[in-house]
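Chemist: sequence unavailable; structure follows:
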């Protein structure tokens with residue numbers, strides 16, 4: 001006898017049709033509930049838990065530098081902190097919740113807000129004194145230059161006897 005799964009049930013548990021006492025577990029429903037930003041509603045219909053703001057980063061390496069970028073829409077430059085301690089680059093910040101009037105009625109709220117912090121371990125050979133950060137049009141760009149002595153250099157090949 002096959003069970004018919006009722007999808008979108010909280011935490012992946014759903015009641016099988018036909019037998020009121022029989023419950024089945026839907027692993028895809030459980031995964032969906034776990035990954036979903038939805039939280040159970042309180043008695044007054046408001047969300048009971050805040051979704052934390054977690055921006056994603058791109059990290060690229062070029063010949064002379066490392067470049068980290070992140071989309072931070074709605075974040076002010078004074079709300080972002082970039083610090084370097086040894087080989088640990090820490091980027092932290094905060095995005096405020098949008099202002100809500102008492103008369104406003106919210107039907108859907110998917111924009112997240114809150115604090116975030118990311119820690120990146122940098123390789124040897126970076127110039128920590130020259131790190132720069134810029135936040136423009138909602139995009140944070142952090143440039144970490146490499147020291148000149150660790151950048152690749154071309155070595156000339158001479159004809160004749162090797163030098164001792």
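Modeler: Ah, there it is. It should be emphasised that the depicted structure is a prediction, and the values quoted were computed from it without experimental measurement.
Chemist: give me the low-pLDDT residue ranges for the protein?
Modeler: Residue ranges of the chain with pLDDT under 70: 1-51, 150-151, 163-164.
Chemist: now do the strands in the chain.
Modeler: Along the chain, counting by DSSP state E, strands occupy 13-15, 23-25, 57-61, 65-71, 80-85, 88-95, 114-121, 132-136, 139-145.
Chemist: of these, which is nearest residue 157?
Modeler: Residue 157 lies closest to strand 57-61 among those, at 27.4 Å (C-beta to C-beta). Glycine gets a C-beta too; all of them are placed from N, C-alpha and C.
Chemist: what does the closest one rub up against?
Modeler: 66-70, 91, 118, 120 (C-beta atoms under 8 Å, 6 or more residues apart in numbering).
Chemist: and which of those residues is nearest to residue 97?
Modeler: residue 70 (19.5 Å).
Chemist: re earlier: tabulate the strands of the chain (JSON lines), appending distance to residue 154 and mean neighbour count.
Modeler: As requested, the strands of the chain are arranged in JSON lines below (distance: least, C-beta to C-beta, whole Å; neighbours: other C-beta atoms under 10 Å):
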{"stretch": "strand 13-15", "distance to residue 154": "65", "mean neighbour count": "16"}
{"stretch": "strand 23-25", "distance to residue 154": "62", "mean neighbour count": "14"}
{"stretch": "strand 57-61", "distance to residue 154": "19", "mean neighbour count": "11"}
{"stretch": "strand 65-71", "distance to residue 154": "19", "mean neighbour count": "17"}
{"stretch": "strand 80-85", "distance to residue 154": "30", "mean neighbour count": "14"}
{"stretch": "strand 88-95", "distance to residue 154": "30", "mean neighbour count": "18"}
{"stretch": "strand 114-121", "distance to residue 154": "30", "mean neighbour count": "13"}
{"stretch": "strand 132-136", "distance to residue 154": "28", "mean neighbour count": "13"}
{"stretch": "strand 139-145", "distance to residue 154": "20", "mean neighbour count": "18"}
